[in-house]
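Chemist: What follows is a predicted structure for the sequence shown.
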Amino acid sequence: MSSPKIVNGPGGYILQDVPHLIDYLPDLPTYQNPLKDNPAYSVVKQYFVDTEDTVPEKIIVHKDGPRGIHFRRAGPRQKVYFESDEVHACIVTCGGLCPGLNTVIREIVSSLSHMYGVKRILGIDGGYRGFYAKNTIPLTSKVVNDIHKRGGTILGTSRGGHDTKKIVDSIQERGINQVYIIGGDGTQRGASKIFEEIRKRGLKVAVVGIPKTIDNDIPVIDRSFGFDTAVEEAQRAINAAHVEAESNENGIGFVKLMGRHSGFIAMYATLASRDVDCCLIPESPFYLEGEGGLFEYIEKRLKEHGHMVIVLAEGAGQEMMTKSMESTTLEDASGNKVLKDVGLWLSQSIKDHFKKIKMVMNLKYIDPTYMIRAIPSNAADNVYCTLLAQSAVHGAMAGYTGYTSGLVHGRQTYIPFYRITEKQNSVVITDRMWARLLSSTNQLSFLGPKNISEQKKETHETPSPDSEICNGVVHIPPVTKEITK
Ligand SMILES: Nc1ncnc2c1ncn2[C@@H]1O[C@H](COP(=O)(O)OP(=O)(O)O)[C@@H](O)[C@H]1O
Ligand SMILES: O=P(O)(O)OC[C@H]1O[C@](O)(COP(=O)(O)O)[C@@H](O)[C@@H]1O
Ligand SMILES: [Mg+2]
């Protein structure tokens with residue numbers, strides 16, 4: 001692994017910089033950025049980003065505190081390291097679907113062709129293994145013109161199949177010199193390995209990651225493209241659950257949403273809806289029976305209101321389910337743990353409970369998980385995808401490599417791969433955002449005081465001032481009370 005590029009400045013300023021092609025190819029020539037003569041940009045005052053501009057990771061700072069970690073600001077540079085005719089770019093999409101994938105593909109192609117006059121752009125078919133096992137797809141502005149109106153990815157995607165040597169051989173044999181890799185945490189780990197191999201071979205190839213995660217589990221960035229669309233689409237399922245619940249005696253509308261290890265979609269969909277009485281996420285352990293348990297809470301809600309809506313993230317309550325079922329640990333082709341269907345299990349457990357206590361209850365279970373991620377991105381995400389793609393292209397043209405292009409506090413930045421891959425982002429339940437959710441749904445926290453104090457100790461003794469902004473990584477202690485069945 002190449003060592004991180006860290007620049008220290010006065011007042012505790014730290015720049016976690018990204019690699020550049022001249023780090024290992026010092027004699028590369030530079031060229032004037034063609035945008036200088038582009039009528040759309042030549043009139044813009046200060047169009048080019050100052051190479052000294054950086055973006056702070058934390059925006060809330062104390063008067064006497066250090067300035068902290070910064071990332072390189074994204075955007076076009078005065079000098080570029082590729083001539084237009086020289087560029088041979090490729091784009092690949094990997095991992096699960098996410099709204100906006102096609103928009104990012106479209107905008108990378110548009111930025112390369114319209115801003116930088118690039119003519120050779122290839123799509124890699126079907127994820128990482130497409131580099132060595134499939135034919136490529138030539139991409140032009142015409143080919144990608146309408147694709148942002150469609151869900152999915154026109155290039156296809158896959159899990160598994162990452163063979164660094166074969167991938168880099170293919171890049172080298174085809175003469176590709178800019179690689180745009182769109183995908184989640186696994187994909188970015190793969191991108192980092194590709195970058196290291198390219199650097200080892202001394203190739204003039206820029207490797208750029210574009211973060212995609214419907215679960216919002218990538219750290220550092222504000223949120224992924226497609227997340228907003230997913231939360232919006234989840235409202236339709238929650239609304240249906242609410243209508244069903246309201247129309248039946250002691251009706252329960254039960255919605256399962258995605259979120260393997262991070263309950264962000266469930267949390268934001270709940271906050272947006274206001275119809276949800278209980279949101280269950282992987283980060284917040286819960287138990288079913290006895291005082292303060294889920295069953296008791298459901299009974300109480302039904303007695304008070306006659307109906308309720310429950311939103312469940314797919315990773316929630318997995319440990320409980322494993323204990324009450326035959327345990328087999330399966331992995332997908334990428335090595336991700338395949339989760340059991342907690343929605344079916346929990347809805348059946350609730351039904352069994354009400355049968356046991358002889359109380360009438362009507363539960364309707366809705367699983368819209370794939371419908372939420374297979375749709376085209378909404379307007380806000382389309383804008384986000386466009387700016388993200390443009391930033392990614394500006395960085396590669398300027399010779400930066402080995403970075404993920406990402407939004408930090410609303411600013412486009414270049415983040416070194418190691419910051420993206422070192423940990424997963426998850427909801428910090430001792431931060432304000434989860435407290436806001438609890439006060440909005442009025443649900444119990446399902447945690448005893450012991451669990452809460454353990455959480456506080458294990459996360460941060462003093463909560464970070466801006467920690468409610470989606471980011472935080474926390475180890476969740478095991479549940480102390482368990483299903484007694
Ligand atoms: N540690 C890793 N090293 C190299 N490649 C990886 C690694 N983890 C995952 N990948 C590859 O990245 C791709 C997508 O990973 P996956 O975990 O399925 O989705 P996502 O990128 O959305 O998290 C797969 O082709 C997988 O083989
Ligand atoms: O597409 P698959 O293999 O069924 O996987 C479903 C998983 O993909 C996701 O949508 C996203 O996961 P990735 O970001 O790792 O692709 C998860 O929320 C979900 O658990
Ligand atoms: Mg992933």
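Modeler: Great, that's in hand. Since this is a predicted model, take the numbers as computed values, not measurements. Ligands and ions are numbered 1, 2, ... in the order given.
Chemist: contacts, neighbours, all on C-alpha from now
Modeler: OK.
Chemist: quick one, helices of the stretch 301-450 of the chain?
Modeler: Using DSSP state H, counting those that start in this stretch, the helices of the stretch 301-450 of the chain run over 318-324, 342-356, 369-373, 379-397, 417-421, 432-441, 449-458.
Chemist: Output those helices in TSV, with mean neighbour count and distance to Gln172 appended to each entry.
Modeler: Output for these, formatted as TSV (neighbours: other C-alpha atoms under 10 Å; distance: least, C-alpha to C-alpha, whole Å):
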stretch	mean neighbour count	distance to Gln172
helix 318-324	15	44
helix 342-356	16	45
helix 369-373	19	34
helix 379-397	23	17
helix 417-421	20	22
helix 432-441	17	47
helix 449-458	14	46
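Chemist: Out of the ones you listed, which gets nearest to ligand 2?
Modeler: Among the helices of the stretch 301-450 of the chain, the nearest to ligand 2 by C-alpha to the nearest ligand atom is helix 369-373 (7.0 Å).
Chemist: now check the closest one, is it near ligand 2?
Modeler: No: contact of helix 369-373 with ligand 2 (C-alpha under 6 Å from any ligand atom) is absent, the minimum separation being 7.0 Å.
Chemist: quick one: buried residues of stretch 10-20?
Modeler: 14-20 (16 or more other C-alpha atoms under 10 Å).
Chemist: Give the burial count for the residue lying closest to Ser42 once chain neighbours are set aside, as a bare number.
Modeler: Spatial nearest neighbour of Ser42, chain neighbours left out: Lys36 (5.2 Å); criterion: C-alpha to C-alpha, 6 or more residues apart in numbering. Around Lys36 there are 16 other residues, counting by other C-alpha atoms under 10 Å.
Chemist: Touching, Lys36 and Gln46? I think so.
Modeler: No: Lys36 lies out of contact with Gln46 (C-alpha atoms under 8 Å); the separation is 10.8 Å.
Chemist: for the protein, which spans come out with low pLDDT?
Modeler: Applying pLDDT under 70 to the chain flags the ranges 323-329, 448-485.
Chemist: Could you point out the longest helix of it?
Modeler: Longest helix in the chain, counting residues (DSSP state H): helix 227-247.
Chemist: Report the angle between it and helix 379-397.
Modeler: Calculated by axes from the mean of the first three to the mean of the last three C-alpha atoms, to 10 degrees, helix 227-247 forms an angle of 160 degrees with helix 379-397.
Chemist: what does the stretch 351-485 of the chain put close to ligand 3?
Modeler: Residues of the stretch 351-485 of the chain lying close to ligand 3 by C-alpha under 5 Å from the ion: none are found.
Chemist: Lys165 and ligand 1: what is the separation?
Modeler: For Lys165, the distance to ligand 1 equals 11 Å [C-alpha to the nearest ligand atom, to the nearest Å].
Chemist: brain fart, Glu314
Modeler: In terms of C-alpha to the nearest ligand atom, Glu314 sits 16 Å off from ligand 1.
Chemist: I'd say that residue and Phe264 touch.
Modeler: No: using C-alpha under 8 Å, Glu314 is not in contact with Phe264; the gap is 11.3 Å.
Chemist: any idea what the residue positioned nearest the centre of the chain is structurally, helix, strand or coil?
Modeler: Centrality entry for the chain: nearest residue to the mean C-alpha point is Thr213, 2.8 Å, by C-alpha atoms, centre = their mean. The three-state assignment at Thr213 reads coil, by DSSP: H, G, I helix; E, B strand; the rest coil.
Chemist: residues in contact with it?
Modeler: Applying C-alpha atoms under 8 Å, 6 or more residues apart in numbering, we find Thr213 in contact with 98, 183-185, 224-227.
Chemist: What about the residues you listed, which are in strands?
Modeler: Gly183 (DSSP state E).
Chemist: What subset of the contacts of Thr213 is buried?
Modeler: So, by 16+ other C-alpha under 10 Å, the buried ones in the contacts of Thr213 are 98, 183-185, 224-227.
Chemist: Would you agree Val205 is in contact with Ile176?
Modeler: Yes: with contact defined as C-alpha under 8 Å, Val205 counts as touching Ile176 (7.1 Å).
Chemist: Could you check which of the two has the larger neighbour count?
Modeler: Val205 (25 against 22).
Chemist: and that one, how far is that from ligand 1?
Modeler: Relative to ligand 1, Val205 is positioned 18 Å away (C-alpha to the nearest ligand atom).
Chemist: so how far is ligand 1 from the residue nearest to that residue when sequence neighbours are not counted?
Modeler: Closest residue in space to Val205, ignoring its immediate chain neighbours: Asn177 at 4.1 Å, by C-alpha to C-alpha, 6+ apart. To ligand 1, Asn177 is 20 Å away according to C-alpha to the nearest ligand atom.
Chemist: quick one on the thing from earlier: output the contacting helices and strands for the longest helix of the chain.
Modeler: strand 251-257, helix 264-273, strand 307-313, strand 362-366, helix 369-373, helix 379-397 (3 or more C-alpha pairs under 8 Å, 6 or more residues apart in numbering; DSSP states H and E).
Chemist: what residues does the stretch 201-350 of the chain put near ligand 1?
Modeler: 334, 336.
Chemist: which bits of the stretch 201-350 of the chain sit near ligand 2?
Modeler: 213-215, 258-260.
Chemist: Go through those residues and name the one nearest Val55.
Modeler: Minimum distance to Val55 across those is 22.2 Å, recorded for Thr213 (C-alpha to C-alpha).
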